[in-house]
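A.B. asks: Please work out how this folds:
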Amino acid sequence: MASLNDPPVRELLEQPNYAVISTINANGAIHNTMVWISAEDGAVAVNSAIGRLWPTNLQRDPRITAVVFESGNPYHFVEIRGMATGSREGADDHINKLAKKYIGQDEYPYRQPGEERIKFVIQPDHVRHVKQ
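C.D. replies: Residues are numbered from 1 along each chain as shown. Sure, this is the predicted structure:
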């Protein structure tokens with residue numbers, strides 16, 4: 001099994017590569033969505049607005065899978081399965097850091113009036129790295 005500390009995995013996570021996350025809907029169906037992702041102290045973190053479907057799913061059932069793939073080569077990826085813990089603390093700073101990483105802007109430009117951000121830290125139970 002791979003680790004988040006493995007150099008090729010770290011490189012995938014440090015670059016502005018997108019992640020597909022999978023959460024579980026209330027009816028048991030899988031919900032997938034594209035997100036920005038960051039590595040943090042042996043875990044990974046994602047960010048969203050409170051009230052959207054996937055954060056609501058995680059607040060009900062914290063199981064999550066994230067697949068981060070290399071831009072231009074989807075056959076180079078890391079799959080991270082684990083449990084997510086959400087918090088509003090630090091969520092605004094986190095989305096700004098993600099905006100810097102992904103679009104080169106110091107502040108997240110797509111915030112809607114009254115929007116509250118939530119940050120989910122994913123503690124990995126399983127990490128799988130594939131490079132083809």
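
A.B. asks: Check the secondary structure at V127 for me.
C.D. replies: Classification of V127 by DSSP: H, G, I helix; E, B strand; the rest coil places it in strand.

A.B. asks: and the residue lying closest to it once chain neighbours are set aside, how far is that from I80?
C.D. replies: Using CB to CB, 6 or more residues apart in numbering and skipping the chain neighbours, the partner closest in space to V127 is A2 (4.6 Å). Just so you know, the C-beta spots here come from the backbone N, C-alpha and C atoms, and that holds for glycine as well. Look at A2 and I80: by CB to CB, to the nearest Å, they are 9 Å apart.

A.B. asks: which of the two has more neighbours?
C.D. replies: I80 (27 against 16; other CB atoms under 10 Å).

A.B. asks: Between A2 and I80, which contacts overlap?
C.D. replies: V127 (CB atoms under 8 Å, 6 or more residues apart in numbering).

A.B. asks: hmm, who's touching stretch 104-116?
C.D. replies: With CB under 8 Å, 6+ apart, stretch 104-116 has contacts from 49-50, 88, 91, 95-96, 98-100, 103, 117.

A.B. asks: Point out where the protein drops to low pLDDT.
C.D. replies: Judged against pLDDT under 70, the chain has no low-scoring part.

A.B. asks: burial measure for R88, as a count.
C.D. replies: So R88, with other CB under 10 Å, has 11 neighbours.

A.B. asks: My error: substitute N17 in the last question.
C.D. replies: 21.

A.B. asks: need the contact list for it.
C.D. replies: Residues in contact with N17 (CB under 8 Å, 6+ apart) are 37, 68-71.

A.B. asks: now do 6 Å
C.D. replies: Residues in contact with N17 (CB atoms under 6 Å, 6 or more residues apart in numbering) are 68, 70-71.

A.B. asks: just checking, it is part of a strand?
C.D. replies: No. Judged by three-state DSSP, N17 forms no part of a strand; its state is coil.
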